[in-house]
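Peer 1: Pasted the sequence and its predicted model underneath.
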Amino acid sequence: MNRIFSILVIITVPLAIIGSFLEWPSIVMFVLCSLSIIALSSFMGRATESLAIVSGPRIGGLLNATFGNAVELIISVFALQAGLVGVVLASLTGSVLGNLLLVGGLSFFLGGIKFKRQKFSVHDASHNSGLLIFAVVVAFVIPEIFSMTMTDRETIQLSAGISIIMILLYLAGLIFKLVTHRGVYTHSDADVEEVREEPEWTKPKAIIILFAATLVVAFISENLVHTFEEVGEQFGWSELFIGVIVVAIVGNAAEHASALMMAMKNKMDVAVEIAIGSTLQVAMFVAPVLVLLSLFMPVQMPLVFTIPELVAMITAVFLTINATNDGESNWFEGLTLLAAYLIMGIGFYLL
């Protein structure tokens, strides 16, 4: 699999760069840019896996989520500059659904087929459950309800205030998990397994690959954004579908690949941390940062989602909480999450 992604990088990245200068057709650029980002994301996933072995599951999962979400953040910034606010909000929805239902579901399903019963930290699951409820059910619903009786300017002000609070709480959560309570709720057997495994790349090499891949992805992402409108018209895709499904899957390819690899190795602490940790980072950091950045752009982005988006995200949150609160997973729970994702995908396609 790694060889396939390496070949993809060698072929698609140069073609995507050449095509951007020669102004190739949008559909060709869309395919090339998407394949390039997915292939580069595999390198980001391998690099963060190496760092996870050295640093432990929590920091490794956080690094994977951060660099994986960096791809989506870059794509979203270019989309905001192009005035595609609907695509950006939809991509944030897609990230929440994709990480919780698609990544989490596939991790539980594939890992559960190989190992009948997989365990992870119930304390981390409980902590993440509370944050998921706050980030999606509280911080996303409040702007929607209050905006009904507010002007556009007041809605933007409310969104900016909520964004600042969410960023501060997210940073406080990192301090709680990585500093003040680091190691308090750690599985000792998981730690032993991490120490015995040798990383694929050294720490400096992994960091260099992460930064290099992120820079290339930033360039290619700008070209990908410019293809959305024309490709959407050709295939009959709405902005909502492009954001929820296409941008979310391409933008989060790094986490998708890494979480599945970890689940297949029975490293569910890392897999769950990637799936849920990435969701929390999107909801509590990426989305607020985009709201604040939009204040300096021609078109501001309020933290107001459509009713279908909100219902889908809230449903995904409670399904995930129900599947993870006991600290164990199996293939049937994974299949349930995947079924929910497919149902929502059909709904968003038909909207």
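Peer 2: Now that the structure is in, tell me what you want to look at.
Peer 1: Where does the prediction get shaky in the stretch 51-200 of the chain?
Peer 2: Scanning the stretch 51-200 of the chain with the threshold set as pLDDT under 70 gives 56-58, 60-61, 64-65, 68, 181-197.
Peer 1: how about the helices of it, start to end?
Peer 2: Remark: helices assigned in the stretch 51-200 of the chain by DSSP state H, counting those that start in this stretch are 57-81, 85-97, 104-114, 122-132, 141-146, 152-175, 188-196.
Peer 1: Can you tell me which of those is packed in deepest?
Peer 2: helix 85-97 (a mean of 27; mean count of other CB atoms under 10 Å). C-betas here are computed from N, CA, C, even on glycine.
Peer 1: Which elements pack onto that one?
Peer 2: Contacting helix 85-97 under the criterion 3 or more CB pairs under 8 Å, 6 or more residues apart in numbering; DSSP states H and E are the following elements: helix 57-81, helix 239-241, helix 248-251, helix 268-281, helix 287-294, helix 307-324.
Peer 1: what's the offset of the first one from the middle of its chain?
Peer 2: Taking CA atoms, centre = their mean, to the nearest Å, one finds the center of helix 57-81 at 7 Å from the center of the full chain.
Peer 1: Now Gln300: phi and psi?
Peer 2: Taking degrees, to the nearest 10, you get phi -90, psi 150 for the backbone angles of Gln300.
Peer 1: can you check the one 4 residues further on too?
Peer 2: Here is the backbone geometry of Val304 (degrees, to the nearest 10): phi -120, psi 120.
Peer 1: quick one: it from Pro143, how far?
Peer 2: Separation of Val304 from Pro143 (CB to CB, to the nearest Å) stands at 5 Å.
Peer 1: Need the overlap of contacts for these two.
Peer 2: Thr155, Ser159 (CB atoms under 8 Å, 6 or more residues apart in numbering).
Peer 1: Could I get the helices and strands packed on helix 85-97 in TSV, plus columns for distance to Lys119?
Peer 2: Shown next, in TSV, are the helices and strands packed on helix 85-97 (distance: least, CB to CB, whole Å):
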stretch	distance to Lys119
helix 57-81	13
helix 239-241	37
helix 248-251	28
helix 268-281	6
helix 287-294	31
helix 307-324	11
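Peer 1: now for those helices, which one comes closest to Ala340?
Peer 2: Of all the helices and strands packed on helix 85-97, helix 307-324 sits nearest to Ala340, with 5.8 Å by CB to CB.
Peer 1: can you tell me which of the helices and strands packed on helix 85-97 comes nearest to Leu215?
Peer 2: Nearest of those (CB to CB): helix 57-81, 9.7 Å.
Peer 1: packing partners for that closest one?
Peer 2: Helix 57-81 packs on helix 26-55, helix 85-97, helix 203-225, helix 248-251, helix 253-264, helix 268-281, helix 287-294, going by 3+ CB pairs under 8 Å, 6+ apart.
Peer 1: One more pass at 6 Å, please.
Peer 2: Applying 3 or more CB pairs under 6 Å, 6 or more residues apart in numbering; DSSP states H and E, one finds that helix 57-81 contacts helix 26-55, helix 85-97, helix 203-225, helix 248-251, helix 253-264, helix 268-281.
Peer 1: hey, which of these is tucked in deepest?
Peer 2: Mean neighbour count, computed with mean count of other CB under 10 Å, is highest for helix 268-281 among the helices and strands packed on helix 57-81, reaching a mean of 29.
Peer 1: What residues does Leu351 make contact with?
Peer 2: Leu240 (CB atoms under 6 Å, 6 or more residues apart in numbering).
Peer 1: returning to what we had before: which of the helices and strands packed on helix 85-97 sits closest to Met262?
Peer 2: Closest among the helices and strands packed on helix 85-97, using CB to CB: helix 268-281, at 4.1 Å.
Peer 1: and the closest one, what does it pack onto?
Peer 2: Using 3+ CB pairs under 6 Å, 6+ apart: helix 268-281 touches helix 57-81, helix 253-264.
Peer 1: follow-up on the earlier one: rebuild the helices of the stretch 51-200 of the chain as JSON lines, extending it with distance to Val225.
Peer 2: Below are these laid out as JSON lines (distance: least, CB to CB, whole Å):
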{"stretch": "helix 57-81", "distance to Val225": "4"}
{"stretch": "helix 85-97", "distance to Val225": "8"}
{"stretch": "helix 104-114", "distance to Val225": "27"}
{"stretch": "helix 122-132", "distance to Val225": "29"}
{"stretch": "helix 141-146", "distance to Val225": "25"}
{"stretch": "helix 152-175", "distance to Val225": "22"}
{"stretch": "helix 188-196", "distance to Val225": "38"}
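Peer 1: Among these, which comes closest to Glu239?
Peer 2: So among those, helix 85-97 is nearest, using CB to CB, at 4.3 Å.
Peer 1: Contacts for the closest one, please.
Peer 2: With CB under 6 Å, 6+ apart, helix 85-97 has contacts from 76, 79-80, 239-240, 242-244, 247-248, 252, 279, 282, 287, 299, 301, 305, 309, 312-313, 316.
Peer 1: next one: phi and psi at Ser329?
Peer 2: Dihedral angles for Ser329 - degrees, to the nearest 10 - are phi -140, psi 160.
Peer 1: how far away is the nearest residue to it once chain neighbours are set aside from Lys116?
Peer 2: Among residues not flanking Ser329 along the chain, Phe108 sits closest, at 4.4 Å (CB to CB, 6 or more residues apart in numbering). Using CB to CB, Phe108 is found at 12 Å from Lys116.
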